[in-house]
Each structure stands twice: as C-alpha cells, then as structure tokens.
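Undergrad: Sequence isn't available, so here's the structure alone:
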C-alpha cells in the first residue's frame, strides 16, 4: 500500500523573505523612535537633577535677596523668584480657570452645534497655537505701556495662554457627562443654570480640575510672556503682585544661563530643578485627581 | 461623542413662550455670562492683532516693503527682518525633519504594536517631555548640549568641506550654538504634540479595516501602509502643521541656543537668529522705532502662526468629520 502524503496544511506562520524582514525593520524603527525620545528626556532630567541637587536647599528656595551674578552659589537664594512664580501663576489661575470653565459651559451647554459656538471652539483651538511670546507683546501693548510692569501684567499674559487650554479640556469633559443626567434634573423643574452648576459641573469636576492643573503646569514654566510684563531684574521680593516689577524662576534661568560665572549657572540649575519639580508635582496631582474623581471617560 | 439632542427646558413644544417668560433672571444672567466668557477668546484674538499692529505701524510705514530685506542694524536705524524670517523657516524645517518620523514611529508603536498596559507608561514619558519648560531646554541646550555637539559639527564640517552641496550645508564655520542645534532642541519640544495628535488620528482607523488587511495575510507593515495610512493621512498632515506652528513660535529655548547672529547663510552649523529669539533678546534695550520693529516682527509671527494653525485645525477637523460620517 502506497504511503499517502499528508494533506498540505496552509502555512499560518509569519511570511518568509523580504516581507518578514521589512516588517521586522519597521517594528524596530518604531522602537528606535521611542528610544530617541527617551534619550534627550533622560539626559535633560539627569543633568538638571545632578546639577540642581547640589545647590537646592530650603534656604536657597526661600532666602533673598537674589545675589549679583558674580557671587558664588553658596551666597543667598532665589526666594524672591520662587515667590514671584507662585504669586503670578496663582493669579493667572484665578483669572483664567473660572473664565475658561464658563466659556466651555457656553460651548457645550448653550452654544451646542450653532455657528457661534463652533467658531469659538475652533478659535480656542487656534489660540492654543499662538506663541507665548505674542501674549507677552500683547499684554505689553495694552497693559504695561499704560500701567507699568507688574505681577498682574504677567498673570494676564499667562492667563491668556491658559484660557484656551482650560476651555478645550473642560469642553471635552462636559461632552462626556451623559444627557440623561441633565434631563433628569430638568424633569425635577431645575433651571438650566442650576442644572449646569449643581449637576453637570460636579459630574465632570475630576477632569476639569486635572485639565486646569496641566494648564497651570505649562504656564508656570513659561518665560517668554514674562519678559515683557514683569521685567525681572529685581533682586528683592515683591509681595505686591499688582504693582512694580517682579521676578520669577524662569526669568532667573534665562538671564543666568548665558553668564560665564559658575555661581550664576549653579543658581540657574537650582531654579531649573525647582521649576521641573513644580511642573511634575502638578502633573502627578492631575493624574491622581483623574484617577480618583473621574466618573465618565471615553 | 454624544450626539443626542439636548433637552432644553426653555423650549418644550407647545408652551415655549409661557416658560421663557417665567425663566428667572438669574438663569438668563448665567447664560449671558457664559456667552461673554466664550466670546472672550474672539475678543482676545482681535485685541492681539489690533494692539500689536498699532504699536508697530511706525515700522511698517517707515520701512514699507524694506521690512523684507536682509538689513538689520538697529544702531543705524535699519530694520530689515528677512534674516529672522529665514532663520525661523530653517529651524522649523530642521525640527520637522527630525521630529515627524520619530513622532509617527512612536504613534504607530503606541497604537499598533504594544499592548495597552505598555502604552500607558510610554504616554507618560511623552507627557513628561511636554512639561519640561522651554527655558530648561534652553539652559541644557546652551550649557550641556551645544558644547558637546560642537565637536561633532566640527568633524562633520571638516569632512564635507569642499564637497559641492554638502560643503555649503554642513561645512565650516561651525558653532555649538547654531541653526541646527536650535532645530534639534525644537524637535524635542514639538515631538509630544505631533505624537499625541497623530496617535489620536491613527486611533480612529476602524478596526475592521485593520483586521481585513490582516485577514488577507498582510504583515503589520503592509497593514499600516494599506489600512492605517490612507485613513489617517489628512489628520497626520494637520498634526505636522501644528508642530510647525509650535516650532515657529517657540522662543526661549531657541533664543539661548541659536547663536544670535542675524545672517542668511546656507551653513546649518553656523550661528543664526529667528523671529521670536530676536524679540526676546533685544526687546529690553529697544525703544522708538527699534521697539516698533520688534513689535512688527511679532505681528508677522502672529500672522504666520495663525494662518498655519487655522489650516492645520481645518484639516484635522475635516478628516475627523469625514471619519464620523463614513
């Protein structure tokens, strides 16, 4: 009896030859792309931490006045710049976040799919792409020329940067709130304003807060808008955010980065570490808020 | 995406008029308030255009079309801005050439290759890249990166010196602070936005298209070329344009590493200048027409970035709409 050949099974394995090779090359190129992203990030973080840790201390962050650039790193601290950054960022947050949330409420609750709401939404997207330096020039032209340099002017410029970001992130979150929630409230006889404030916004609060925190994290590190609005250059703390030139951590880094003195450079690294720490803490806080309070997500 | 028609307590059928008359003042006041906040976006954009243009009219009227000459000499009251426009375009192109392939690679890695539990940490890394402030990139760029890469530039420069095209692109003079360094730093900075937008676009490719390609026996690369790419082309172009807008407007990092030399040269390793950097570096000591000229450069930058952003957003929105409709 002749031996019958086994029936040929279809080959389900990976194709051979160039098709397999090109596929593998493509996959490795994608991994390589990610490695190319990690390298500079790791390099920057490593340098900032390594050089910043040696100077940063509680007194570096709180004491003042800021010493002249020629002095070594052991003298004085950047207290006034830390204070300025906190003052200006906080004021910008107070200005931009409520306005941004209300703007998003208009887009999502009142404007709907109307042409005006679509135009505002589109322009908010476009506004997120306006360079930060333009916001500085803008506030310089309409505010500083008339009322002089102040922390408030800086806060206005940062607020202009944050506004579209807050509008967009809040808008996304409001879209996720299910309509039956709104309808149930209307059925109980609530007015639209009441439904929005007591039902819709609380339902989306986790996402809104986390979006706002990310906007603050971006704004706290901005330098360009501050050059034209708070002037920098002061070495003593200015506790009055509404009057007089102020200074901030990013401005200290910018002016110290190009100095030949080791003390000035060390202070710049210390300020950079403080700034990155602020940004990362806000980012982690945003994640925690998202994880803890998000009720509706995609 | 909720497309359900929202219930509107103001206008249920039949008794709309009666109810709207009874609508409390506070309710209408709140609506007006939110509308005002929404309109704020448009008001700010218009005010930016008006106020900065107003502050720079003396430059535009005094120089006329001479603003587009390569002649920047504040001491002699000559304010031609072409060198800065050139530098802006060159650095942005270098940034895009580096950042776009990397961003697309990471976006495809995230959407098509790695399992979901690996995707989250990768996204976190990209987000970290986005929150490193511009000025920190600049500080690192000028104190660490530029001195290091200077040697590479120098050896490349001496290697290609004399070769026709390469020599005039990469030949000497070379300097650590240069167009190319600025372009590399910009590439790091725009990678997060290009990656996250491309990822969003690629994630909308219908699973059935991808599965269809696999069912026909396609490898992953063939699936990406045949199913993912045709579908997400438009959106990716939009994402790249948004990256271009960012690269053109990014200020502080570039101001620190570009070398501050207002020249037009084909040598990419030579020091140069761009529009935002010159504004940031020279505004402090400027007054009169000098300040007007810097403001005017700002106006040009605003116009460029607005045009690019409007086109980019339009493309992204159109491709998103087409996908929803399909």
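TA: Yes, it's here. Nothing here was measured: the structure is a model prediction, and the numbers come from that model.

Undergrad: Let me know the helix or strand that the residue nearest to residue A:122 when sequence neighbours are not counted is in.
TA: Distances taken as CB to CB, 6 or more residues apart in numbering or on different chains put residue B:313 closest to residue A:122, at 6.2 Å, once the chain neighbours are dropped. Yep, even glycine has a C-beta here, placed from its N, CA and C like the rest. Per DSSP states H and E: residue B:313 is located in helix B:288-325.

Undergrad: List the buried residues for that helix?
TA: Of the residues in helix B:288-325, B:289-302, B:304-306, B:308-313, B:315-317, B:319-320, B:323 count as buried by neighbour count, 16 or more other CB atoms under 10 Å in any protein chain shown.

Undergrad: quick one, what contacts residue A:241?
TA: A:87, A:88, A:91, A:150, A:151, A:152, A:155 (CB atoms under 8 Å, 6 or more residues apart in numbering or on different chains).

Undergrad: and with 7 Å instead?
TA: A:87, A:88, A:91, A:151, A:152 (CB atoms under 7 Å, 6 or more residues apart in numbering or on different chains).

Undergrad: what's the spacing between the last one and chain B?
TA: Note on residue A:152: its distance to chain B, by CB to the nearest CB, to the nearest Å, is 16 Å.

Undergrad: so where's the stretch 201-326 of chain B shaky on pLDDT?
TA: By pLDDT under 70, the low-scoring segments of the stretch 201-326 of chain B are B:322-326.

Undergrad: typo on my end, the stretch 1-150 of chain A
TA: A:1-14.

Undergrad: Helices of that one, start to end?
TA: A:18-53, A:58-62, A:79-105, A:115-128, A:132-139, A:145-147 (DSSP state H, counting those that start in this stretch).

Undergrad: Likewise for the stretch 151-298 of chain A?
TA: Under DSSP H, counting those that start in this stretch, the stretch 151-298 of chain A gives helices at A:151-176, A:179-187, A:192-195, A:201-203, A:205-220, A:224-227, A:249-257, A:262-293.

Undergrad: in the shortest one, what counts as buried?
TA: The reference is to helix A:201-203. A:201, A:203.

Undergrad: repeat for the last one
TA: By neighbour count, and taking 16+ other CB under 10 Å as the criterion, the buried residues in helix A:262-293 are A:263-276, A:278-279, A:282-283, A:285-286, A:289-290.

Undergrad: Quick check: the residue nearest the centre of chain A vs residue B:133, distance?
TA: Nearest to the mean C-alpha position of chain A, counting by CA atoms, centre = their mean, stands residue A:218 at 2.4 Å. According to CB to CB, to the nearest Å, residue A:218 and residue B:133 sit 8 Å apart.

Undergrad: for residue B:73, phi and psi?
TA: phi -150, psi 90 (degrees, to the nearest 10).

Undergrad: I'd like to know the beta-bridge partner residues of it.
TA: residue B:78 (DSSP bridges).

Undergrad: For the stretch 151-298 of chain A, which residue gets nearest to chain B?
TA: In the stretch 151-298 of chain A, the residue that lies nearest chain B is residue A:221 (2.6 Å; CB to the nearest CB).

Undergrad: got the contact list for the closest residue to residue A:147 other than its chain neighbours?
TA: Nearest non-adjacent residue to residue A:147, counting by CB to CB, 6+ apart: residue A:153, 7.3 Å away. With contacts taken as CB under 7 Å, 6+ apart, residue A:153 has the following neighbours: A:139, A:143, A:144, A:229, A:230.

Undergrad: How about residue B:253?
TA: Residue B:253 makes contacts with B:134, B:137, B:138, B:141, B:185, B:189, as judged by CB under 7 Å, 6+ apart.

Undergrad: any idea how far it is from residue A:206?
TA: From residue B:253 to residue A:206 the distance is 33 Å (CB to CB).

Undergrad: can you check residue A:274 too?
TA: The value you get for residue A:274 to residue A:206, if CB to CB is used, is 28 Å.

Undergrad: again, but for residue A:147
TA: Residue A:147 is 38 Å from residue A:206, by CB to CB.

Undergrad: What of residue B:191?
TA: From residue B:191 to residue A:206 the distance is 28 Å (CB to CB).

Undergrad: Tell me the buried residues in the helix or strand hosting residue B:98?
TA: Using DSSP H and E, residue B:98 sits in helix B:82-108. The neighbour-count check on helix B:82-108 (16+ other CB under 10 Å) flags B:82-92, B:94-96, B:98-100, B:102-108 as buried.

Undergrad: is the very next helix or strand once past that helix anywhere near chain A?
TA: Note on helix B:82-108: by DSSP H and E, the next helix or strand toward the C-terminus is helix B:116-131. Yes - in terms of CB under 7 Å from any CB of the partner chain, part of helix B:116-131 sits within range of chain A, namely B:122, B:125, B:126, B:127, B:128, B:129, B:131.

Undergrad: Give me the phi and psi for residue B:133.
TA: phi -70, psi 150.

Undergrad: In space, what's closest to it - neighbours in sequence excluded?
TA: Per CB to CB, 6+ apart, closest to residue B:133 is residue A:221, 2.6 Å.

Undergrad: Count residues in the vicinity of that neighbour, would you?
TA: Per other CB atoms under 10 Å in any protein chain shown, the neighbour tally for residue A:221 reads 25.

Undergrad: same question, residue B:76
TA: Residue B:76: 8 surrounding residues under other CB under 10 Å.

Undergrad: go on, the one 5 residues further on?
TA: Each residue near residue B:81 was counted by other CB under 10 Å, and the total is 26.

Undergrad: so who does it touch?
TA: By CB under 7 Å, 6+ apart, the residues touching residue B:81 are B:67, B:72, B:297.

Undergrad: Go again with 10 Å.
TA: B:59, B:63, B:66-72, B:88, B:262, B:273, B:275, B:278, B:293-294, B:296-297, B:300 (CB atoms under 10 Å, 6 or more residues apart in numbering or on different chains).

Undergrad: Go back to the residues you listed and keep what's next to chain A.
TA: Restricting the contacts of residue B:81 to those within reach of chain A (CB under 10 Å from any CB of the partner chain) leaves B:275, B:294, B:297.

Undergrad: Distance to residue B:48 added to these, as a markdown table?
TA: What follows is the ones next to chain A among the contacts of residue B:81, written out as a markdown table (distance: CB to CB, whole Å):
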| residue | distance to residue B:48 |
| --- | --- |
| B:275 | 16 |
| B:294 | 15 |
| B:297 | 14 |
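
Undergrad: Just name the closest of the residues you listed to residue A:33, please.
TA: If you rank these by distance to residue A:33 using CB to CB, residue B:275 comes first, at 29.5 Å.

Undergrad: what's the neighbour count on the nearest residue in space to residue A:27 that is not next to it in sequence?
TA: Excluding the flanking residues, the one nearest residue A:27 by CB to CB, 6+ apart is residue B:113, at 6.2 Å. Look at residue B:113: counted by other CB under 10 Å, it has 17 neighbours.
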